[in-house]
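**Q** dropping the sequence and predicted coords here.
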Amino acid sequence: MRYLIGIGSYQMADDSIGLRVVEHIIQNGLDKGFEAVDIADEGTRLLSYLEHETEKIVLIDAVDLGLAAGEYRLFEPKDVETTKETAGLTTHEGDALKILEFARNLGYFIPPLTILGIQPGTLEPGMELSPALQERFDTYVEVALKEIKQDE
């Protein structure tokens, strides 16, 4: 099985981009050949998808890449190092890289995994995406779909 997983929080503006992309894909019936999943800000739920039967995971999340708001990159966890400061690993942990490191240390199988990291414009409390992310929303959907279907 392939999984397209959105991470984030609807209450924190652009941090919701992963959730909104997954929601759009589900609502429009675009989830063919894979399962689209919203794990919100409960990052440890990612552990339940780290199975030998998992062919591929694409995570979509707001990531501070040092780019202009709305820009994005596809990368693998091994290609980056987290600089996010957290209070520790909790059920509401927001750092997918730390969760994957935790899983690896516990002996979990890590399937092929790509992150679609989208540079947020704002992470302030709010229910709307910034204009920069709204303008490129369709692009994020297209990139996510292309990536999850790659190598089928």
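**A** Okay, I see it.
**Q** partners of the host helix or strand of Ile115, with directions?
**A** Element membership for Ile115 (DSSP states H and E) is strand 113-118. Sheet pairing of strand 113-118 (DSSP bridges) gives strand 56-62 (parallel), strand 72-75 (antiparallel).
**Q** right, and those - which one's nearest Gly126?
**A** strand 56-62 (12.9 Å; CB to CB). (Each C-beta comes from the backbone N, C-alpha and C, glycine too.)
**Q** can you report how many residues lie near the residue lying closest to Arg2 once chain neighbours are set aside?
**A** Nearest residue to Arg2, sequence neighbours excluded (CB to CB, 6 or more residues apart in numbering): Phe34, at 3.8 Å. By other CB atoms under 10 Å, 20 other residues sit near Phe34.
**Q** re earlier: next helix or strand past the strand holding Ile115?
**A** Next along the chain from strand 113-118, counting by DSSP H and E, comes helix 131-135.
**Q** would you tell me what the next helix or strand after that following helix is?
**A** Next helix or strand after helix 131-135 toward the C-terminus (DSSP H and E): helix 137-149.
**Q** same question for that following helix, mean pLDDT?
**A** Taken as a whole, helix 137-149 has an average pLDDT of 98.
**Q** what do you get for stretch 4-21?
**A** 95.
**Q** how about it: buried residues?
**A** Neighbour-count burial for stretch 4-21, counted by 16 or more other CB atoms under 10 Å, picks out 4-9, 12-21.
**Q** over to stretch 25-45?
**A** 25-26, 31, 34, 36-41, 43, 45.
**Q** what's the answer for stretch 128-148, then?
**A** 129-130, 132-133, 136-137, 140-141, 143-145, 147-148.
**Q** for those, which one is nearest Glu55?
**A** The nearest one, if we look at the buried residues of stretch 128-148 relative to Glu55 and count by CB to CB, is Ile148, at 9.9 Å.
**Q** report the contact partners of the closest one.
**A** 2, 4, 34, 56, 58 (CB atoms under 8 Å, 6 or more residues apart in numbering).
**Q** gap between Asn24 and Ser130?
**A** Slight slip there: residue 24 is His, not Asn. Between His24 and Ser130 the distance is 17 Å, computed by CB to CB, to the nearest Å.
**Q** least confident secondary structure element in this structure?
**A** helix 96-105 (a mean of 88; mean pLDDT, DSSP states H and E).
**Q** now the angle from it to strand 56-62?
**A** 150 degrees (axes from the mean of the first three to the mean of the last three CA atoms, to 10 degrees).
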